[in-house]
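[1] quick one, what's the 3D model for this:
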Amino acid sequence: MENDAHSQYLEDVQKRIMNLSDEEKTMLIEFKRTPEANLVAKIVGPDVAGLGGVEVDQFEDAITRESQPQQRQEMPTPPGLGMRRPQ
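    Okay, here's the model as predicted:
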């Protein structure tokens, strides 16, 4: 019974996506390329996120990127600013 409710929910979400205006569909396509879309995908899960165009691989990539430590890069000093002396 619970599986039927989940399947019905997914079907309803898919219908809502199909009923979006062209402008809204374009917005959804642009949104799916953002870090916010990856966050939403993590929250709703790959089955629901996949309906909105976020593929399961993209969902997994978001998890993998977050679990890897990011290396900090030193920013170079702009020319001239490091050479100033107080007067």
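[2] neighbours of Leu39, how many?
    With neighbours defined by other Cβ atoms under 10 Å, the count for Leu39 comes to 12. Where you see a C-beta, it was placed from the backbone N, CA and C, and this is true even at glycine.
[3] what helix or strand does it sit in?
    Assigned by DSSP states H and E, Leu39 belongs to helix 35-44.
[4] try Lys25
    With elements delineated by DSSP H and E, Lys25 resides in helix 22-31, which encompasses its position.
[5] got the angle between that helix and helix 35-44?
    Counting by axes from the mean of the first three to the mean of the last three Cα atoms, to 10 degrees, helix 22-31 points 90 degrees away from the direction of helix 35-44.
[6] hmm, back to that, list the buried residues of the helix holding Leu39.
    Of the residues in helix 35-44, those buried by neighbour count under the rule 16 or more other Cβ atoms under 10 Å are 37-38, 40-41, 44.
[7] for the residues you listed, which one is nearest Glu23?
    For Glu23, the closest of these turns out to be Ala37, at 17.6 Å, with distances computed as Cβ to Cβ.
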